[in-house]
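Q: Return atomic coordinates for the entry below.
(chains A and B)
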Amino acid sequence: DGGITQSPKYLFRKEGQNVTLSCEQNLNHDAMYWYRQDPGQGLRLIYYSQIVNDFQKGDIAEGYSVSREKKESFPLTVTSAQKNPTAFYLCASSQTSGAYNEQFFGPGTRLTVL
Amino acid sequence: QKEVEQNSGPLSVPEGAIASLNCTYSDRGSQSFFWYRQYSGKSPELIMFIYSNGDKEDGRFTAQLNKASQYVSLLIRDSQPSDSATYLCAVNKGREGAQKLVFGQGTRLTINP
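A: Now for the predicted structure:
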């Protein structure tokens, strides 16, 4: 089955800890994205990547880091510098060749800081 | 002013009626617009995208775009209880390659049987 997988589904973090959220896609998409969603809010872009070994900051990159060593994988690290990390994190991917490429979303990871 | 604004609702519509969802955006240079549906606790799924002024129809859904007035709307005809969800409007600020989507806060729609 083609799609995007995210793990874990639920994650609990103690204050001061770094945690890494996994995102894998087998759609052969060039672009991958990370969003954050807070209750009752829309999605906000954290980071995106158009190609392996390259990525750009989105609107709320502070306290987050990413890597893109493989086309299929785009892990997100939530660092201790992120002051309010409790949120629903969504990974997405898309083609880059067309003008109106659909973004496909993974099932999400719900992060809670204890 | 938010870049993309939606009425957060909740919007309550009787089954079989037309649900009308609206979205306004601030960047006049925006080229493409997307409507996503998100069920509670789930990830968004694309319903429609539109990039030309006018209407675009797909089954029970019609997207409407008016670039001069900077608004996008989504009409759902013959509303069903399964249409109850949050609808997110997104505007693409990217020009090529990867998209840079800016989302509104979403409108929560409830279809009453």
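
Q: For chain B, which segments count as strands?
A: Along chain B, counting by DSSP state E, strands occupy B:4-6, B:11-14, B:19-25, B:32-38, B:45-50, B:54-58, B:61-66, B:71-76, B:85-92, B:101-103, B:107-112.

Q: now for those, which one comes closest to chain A?
A: Nearest to chain A among the strands of chain B is strand B:101-103 (3.4 Å), distances taken as CB to the nearest CB. Just so you know, the C-beta spots here come from the backbone N, C-alpha and C atoms, and that holds for glycine as well.

Q: Give me the contacts around that closest one.
A: Contact with strand B:101-103 is made by A:42-45, A:59, A:103, B:3-4, B:25, B:34, B:36, B:88-93, as judged by CB atoms under 8 Å, 6 or more residues apart in numbering or on different chains.

Q: ditto for stretch A:62-82
A: By CB under 8 Å, 6+ apart, the list of residues contacting stretch A:62-82 reads A:13, A:15-26, A:28, A:30, A:32-34, A:46-47, A:49, A:51-55, A:83, A:85, A:89, A:91, A:93, A:111.

Q: Just the buried ones from these, in PyMOL syntax?
A: Buried subset of the contacts of stretch A:62-82, written as a PyMOL selection, criterion 16 or more other CB atoms under 10 Å in any protein chain shown:
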select buried, chain A and resi 13+19+21+23+24+25+30+32+33+34+46+47+49+55+85+89+91+93+111
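
Q: which of the contacts of stretch A:62-82 come close to chain B?
A: Contacts with chain B within the contacts of stretch A:62-82, as defined by CB under 8 Å from any CB of the partner chain: A:30, A:33, A:49.

Q: what residues are up against the last one?
A: With contacts defined as CB under 8 Å, 6+ apart, residue A:49 is in contact with A:31-33, A:55-56, A:66, A:68, A:74, B:98.

Q: among these, which are in strands?
A: Those of these lying in strands (DSSP E): A:31-33, A:55-56, A:66.

Q: Make TSV out of those residues and add pLDDT.
A: Shown next, in TSV, are the ones in strands among the contacts of residue A:49 (pLDDT from 0 to 100):
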residue	pLDDT
A:31	95
A:32	97
A:33	97
A:55	95
A:56	94
A:66	98
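
Q: Okay, the closest residue to chain B within chain A and residue B:20: tell me how far apart.
A: Distances between chain A and chain B by CB to the nearest CB are smallest at residue A:42, namely 3.4 Å. For residue A:42, the distance to residue B:20 equals 19 Å [CB to CB, to the nearest Å].

Q: Give me the more crowded residue out of the two.
A: residue A:42 (24 against 15; other CB atoms under 10 Å in any protein chain shown).
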